[in-house]
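Participant: Here is my input; please provide its structure:
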Amino acid sequence: MTTLVHGSDTLTRDALTVLQPGFVGTTAPDWLLRRIGEGLSSVGLFGRNIVAPEQLAALTAQLRAERDDVLVAIDEEGGDVTRLEVKQGSSFPGNYALGSVDDVELTRAVARELGRRLVQCGVDLNWAPSADVNSNAENPVIGVRSFGPDPDLVARHTVAYVDGLQGVGVAACTKHFPGHGDTNVDSHDALPRIDVDLATLHARELVPFRAAVAAGTKAVMSAHILLSALDPHRPATLSPQILTGLLRQELGFEGLIVTDGMEMQAVAATYGIERGSVLAIAAGADAICVGGGLCDEDTVLRLRDALVTAVRTGELPEERLADAAARVRALAAWTQAHRARGAGSVPGAAVQEGTAPGADIGLVAARRALRVTRGQHPHTPVTDAPYVASFTPVANFAVGDETPWGIAAELQRLLPGTETGSYDEPSVDAVLAAAGERRIVAVVRDAHRHPWMTEALDGLLAARPDTVVVEMGLNEAEPRGALHIATHGAARVCGRAAAEAVVGTGA
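Facilitator: Model prediction:
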């Protein structure tokens, strides 16, 4: 490609400063290190960049050898959305599990331990927590990523999560402003709309964000959603009324405004990432997140040049770009100061589960989040190796399909010889044939949103009333089975807690 600008002039450096790109690989590519040297101030990490804590610590050290104040960001919500443990499943339950327990000190402790592990690995900006009020149970992208449907509950746990992360030196990025909970469309795929009045938005969506701003969240991430009562024309990420008028002026937020991924179709399909990035900065955003799907040098250069050209043509005020870059540098300075004070210990040390005080807090929380309901039929604990039938929906983009979920692995540990099968349709006869005489454990995820799962459970329970049902998504459907276990999330520790309940060793 032909680039428009070169060198290290102030305008070019500011344009690079506001970008938060991803990349491919478990070490930093040469192009990334070169652009960091030219002014790129942030890097986003995803599951593809991480294989082990020690490797991640080496990677972040490599980035900081080029520039000590580079912001290293990650999308580590815990629960269903994990990058640190993308191949194993998270050591921490997600927001829905924590909200179901409703112990803010537990939420704060979980966030603190997660933050400690991030610090040990050299990560200092977390695109979390989700402060969305999941008021729509049909929501395909938030769901268990939310603390729940009650605004006040979401607010108090958002504050606790922010406190936990930032208390150990990891900047929290509260998302998805002004609230992605009342949607039935995934913004990775298309543009969602929320058509409620201003009074509802203020009483519901905005409550957790007001609380997070008051609690001092260092960053807020915008949502690619259209809220017609606030701006009928542009999604929040591109809306001056929402980012500048509402978030900056009305809510008084002075920290960093980060966009959700600009390659997501809610923006990219209509505006393109270059035009979308210019409009986002002009609207009041300070940092452009890109890299979930686009993660190469060409993308970085195209966005850099689009911002520079917009300033030169007068479309983007130079002062607005300079202000955005200054906010990025201010957050980088905050995280750098925490590292200098030794908020964590030696990078790479004591980052595995069970190696430090409080390291088992995730399992403690997952056990407390279980809801176990006995059915009408007599239930006895499963003591012989069962057959686990996992009814698997299509994973949304935020969760991804790399991370294992379910309880089969944990049951195999407790009951060697456990067998399992995965199904994406009712397949009752196939399950019964595979199970033979074994007890059946049926694992579902958001059964209320998938009629085919309900059909499968109908058939299994009619044929085998002693079937145990484990719901690892939203606990919206009526409890069913000889034993019904709601985990409130599909993290690895949620699976372990459920397996303990199946065999009768849980609380």
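Participant: Now do the same for A61: helix, strand or coil?
Facilitator: Under the three-state scheme (DSSP: H, G, I helix; E, B strand; the rest coil), A61 adopts helix.
Participant: where does it land on pLDDT?
Facilitator: If you check A61, the pLDDT there is 97.
Participant: That one: how many residues sit nearby?
Facilitator: 14 (other C-beta atoms under 10 Å). C-beta here means a position set from N, CA and C on the backbone, and glycine is covered the same way.
Participant: hey, where'd the helices end up in the stretch 1-150 of the chain?
Facilitator: With DSSP state H, counting those that start in this stretch, the ranges of helices along the stretch 1-150 of the chain come out as 10-17, 30-38, 53-66, 95-101, 104-120.
Participant: typo on my end, the stretch 301-450 of the chain
Facilitator: Under DSSP H, counting those that start in this stretch, the stretch 301-450 of the chain gives helices at 318-340, 361-369, 408-414, 428-435.
Participant: which parts of the first one are buried?
Facilitator: What it means is helix 318-340. Residues of helix 318-340 classed as buried: 320-322, 324-325, 327-329, 331-332, 334-336, 338-339 (neighbour count, 16 or more other C-beta atoms under 10 Å).
Participant: hmm, which helix or strand of this protein has the shakiest average pLDDT?
Facilitator: helix 265-271 (a mean of 85; mean pLDDT, DSSP states H and E).
Participant: so for the following helix or strand past that helix, what's the average pLDDT?
Facilitator: For helix 265-271, the following helix or strand on the C-terminal side (DSSP states H and E) is helix 273-283. Here helix 273-283 scores 97 as its mean pLDDT.
Participant: Neighbouring strands - and their directions - for the helix or strand following helix 273-283?
Facilitator: Next along the chain after helix 273-283, taking DSSP H and E as the criterion, comes strand 288-290. Strand 288-290 has its sheet partners listed here by DSSP bridges as strand 19-21 (parallel).
Participant: Now do the partner strand, average pLDDT.
Facilitator: For strand 19-21, the per-residue pLDDT averages 96.
Participant: how close does H202 get to G284?
Facilitator: 19 Å (C-beta to C-beta, to the nearest Å).
Participant: quick one: which of those two has more around it?
Facilitator: G284 (25 against 16).
Participant: who's in contact with that one?
Facilitator: By C-beta atoms under 8 Å, 6 or more residues apart in numbering, the contact list for G284 reads 240, 243-244, 247-248, 257.
Participant: go with 7 Å
Facilitator: Listed by C-beta atoms under 7 Å, 6 or more residues apart in numbering, the contact partners of G284 are 240, 243-244, 248, 257.
Participant: most surrounded residue in the residues you listed?
Facilitator: Highest count within the contacts of G284 by other C-beta under 10 Å belongs to L243, 28 neighbours.
Participant: can I assume that residue is in contact with A283?
Facilitator: Yes - using C-beta atoms under 7 Å, L243 makes contact with A283 at a distance of 4.8 Å.
Participant: The nearest residue to R413 once chain neighbours are set aside sits in which helix or strand?
Facilitator: Distances taken as C-beta to C-beta, 6 or more residues apart in numbering place A499 nearest to R413, at 7.5 Å, with adjacent residues excluded. Assessed by DSSP H and E, A499 sits inside helix 492-503.
Participant: what about that helix, average pLDDT?
Facilitator: Here the average pLDDT along helix 492-503 is 97.
Participant: Quick one: residues contacting T183.
Facilitator: Here T183 is in contact with 136, 139, 192, 194, 225 (criterion: C-beta under 7 Å, 6+ apart).
Participant: where's the most centrally placed residue in the chain relative to I142, distance?
Facilitator: With the centre of the chain defined as its mean C-alpha position, the nearest residue by C-alpha atoms, centre = their mean is E77, 4.1 Å away. To I142, E77 is 11 Å away according to C-beta to C-beta.
Participant: Overlap in contacts, the two.
Facilitator: S130.
Participant: circling back to that earlier point, possible to save the contacts of G284 as JSON lines with distance to R371, secondary structure and pLDDT?
Facilitator: Below are the contacts of G284 laid out as JSON lines (distance: C-beta to C-beta, whole Å; DSSP: H, G, I helix; E, B strand; the rest coil; pLDDT from 0 to 100):
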{"residue": "P240", "distance to R371": "44", "secondary structure": "helix", "pLDDT": "97"}
{"residue": "L243", "distance to R371": "39", "secondary structure": "helix", "pLDDT": "98"}
{"residue": "T244", "distance to R371": "43", "secondary structure": "helix", "pLDDT": "98"}
{"residue": "R248", "distance to R371": "41", "secondary structure": "helix", "pLDDT": "98"}
{"residue": "I257", "distance to R371": "37", "secondary structure": "strand", "pLDDT": "98"}
